[in-house]
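Engineer: let me see the structure of the following:
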Amino acid sequence: MENFSRLAAHVRTELSKVIVGQADVVDQLLLVVACGGHALIEGVPGLGKTLAAKSLARICGLQFQRVQCTPDLMPADITGTNVFRLADSSFQLHQGPVFTEILLVDEINRTPPRTQSALLEAMEERQVTIDGVRYPLPRNFTVLAIQNPIEFEGTYPLPEAQLDRFLFKIRIAYPSEEEEQSILVRYETGFDARRWEEVPLATAEEGLLNAARAEIEQVHIEPTLLPYLVSIVRRTRDWPAVALGASPRAAVGLLYVSRALAAMDGRDYLLPDDVKGAALPVLRHRIVLKPEAEIEGLLPDNVLQQIVASVEIPKSRT
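Structural biologist: Okay, the predicted model is just below:
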């Protein structure tokens, strides 16, 4: 069980050349790609979200495309459309940006629901349907969607059905004072995010990502840990402050990410700490708080921390 830990060490080293700090965010982005899921990234402008996504794709040797969402963006702008060719009087598919491996959807909540729904089929089934014909997407297809947490005017909140398709919700906070000073030092010595292609980032060994995914499947789960994991998910459905709890899809995602955390740590067995580490990013966007809880100032992370703490940790049989 060394391929995933090697990949993680390589990604951390290379991303540190362009991203200062944000260690948890780097790990979570890699986990999303390794698990074959999708992530909703939330943070104010200027924190390096786009830079991190582009750099991760480059380091992992994956294709990258970016979509800037606007209120007039149409589904065909994402999926593509058939174009008539006068030369032979036939239609030819003009592929949209969705035909890639890493798709960065910038300000996803600024595009209308009709266009947001165009991503549902792609995210869930890894295919798109254009004029009744289904086209498969690459195996490594991953959506990294960005939204600003403080802008509400001119936005369209994502429906719960689409939120549930995201494996992770990643929150990016402001850097610390020391980290922000380090950013300025880099720019003062010549670094420029607009010329990130000039930064010598080393691509991971060919096949290392697939080997890391294979290791996730090999992680052993002790029988007592499955009820523990299920108890956390089910408790979100009857917790006093929660109006809508997590779905069975959330339980599957929590299981898979917990195993990925174990593999990233070089272990072939699951620990309760792996489940705890995966709980917040996997569940925070899948629960809806009651109005009275929001009035009290509670956040999904606060409630989830209470729920996880309330579930008894199982004892190992060994």
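
Engineer: using PDB, write down the CA coordinates of stretch 191-204.
Structural biologist: What follows is the C-alpha trace of stretch 191-204 in PDB, where atoms were taken according to Å, rounded to 0.1, in the frame of the first residue of the first chain:
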ATOM      1  CA  PHE A 191       6.200  34.300  -9.500                       C
ATOM      2  CA  ASP A 192       3.000  35.100 -11.500                       C
ATOM      3  CA  ALA A 193      -0.100  33.000 -11.400                       C
ATOM      4  CA  ARG A 194      -0.900  34.200 -15.000                       C
ATOM      5  CA  ARG A 195       2.300  32.500 -16.200                       C
ATOM      6  CA  TRP A 196       1.800  29.300 -14.200                       C
ATOM      7  CA  GLU A 197       2.800  27.200 -17.200                       C
ATOM      8  CA  GLU A 198       6.300  28.400 -16.700                       C
ATOM      9  CA  VAL A 199       6.500  26.800 -13.300                       C
ATOM     10  CA  PRO A 200       8.400  23.400 -13.700                       C
ATOM     11  CA  LEU A 201       5.800  21.000 -12.300                       C
ATOM     12  CA  ALA A 202       6.700  17.300 -12.500                       C
ATOM     13  CA  THR A 203       4.000  15.000 -13.800                       C
ATOM     14  CA  ALA A 204       3.300  11.900 -11.700                       C
END
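
Engineer: buried residues in it?
Structural biologist: Of all the residues in stretch 191-204, those buried under the rule 16 or more other Cβ atoms under 10 Å are A193, W196, L201, A204. For glycine as for every other residue, the C-beta is placed from the backbone atoms N, C-alpha and C.

Engineer: which residues sit against the longest helix that the chain contains?
Structural biologist: For the chain, the helix with the greatest residue count under DSSP state H is helix 248-264. With contacts defined as Cβ atoms under 8 Å, 6 or more residues apart in numbering, helix 248-264 is touched by 1, 4-5, 8, 27, 30-31, 34-35, 37, 164, 167-168, 212, 215-219, 221, 226, 229-230, 232-233, 268-271, 274-275, 277-279, 281-283, 286.

Engineer: would you state the strands of this protein in chain order?
Structural biologist: Shown for the chain, the strands assigned by DSSP state E span residues 39-42, 64-68, 80-85, 90-95, 102-106, 127-130, 133-136, 142-147, 168-171, 242-244, 288-289.

Engineer: dump these to a markdown table, plus mean neighbour count, distance to T13 and mean pLDDT.
Structural biologist: Shown next, in a markdown table, are the strands of the chain (neighbours: other Cβ atoms under 10 Å; distance: least, Cβ to Cβ, whole Å; pLDDT from 0 to 100):
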| stretch | mean neighbour count | distance to T13 | mean pLDDT |
| --- | --- | --- | --- |
| strand 39-42 | 24 | 21 | 92 |
| strand 64-68 | 17 | 20 | 92 |
| strand 80-85 | 12 | 36 | 82 |
| strand 90-95 | 12 | 34 | 81 |
| strand 102-106 | 24 | 19 | 92 |
| strand 127-130 | 16 | 35 | 86 |
| strand 133-136 | 11 | 34 | 88 |
| strand 142-147 | 25 | 21 | 91 |
| strand 168-171 | 22 | 20 | 92 |
| strand 242-244 | 16 | 40 | 91 |
| strand 288-289 | 17 | 39 | 91 |
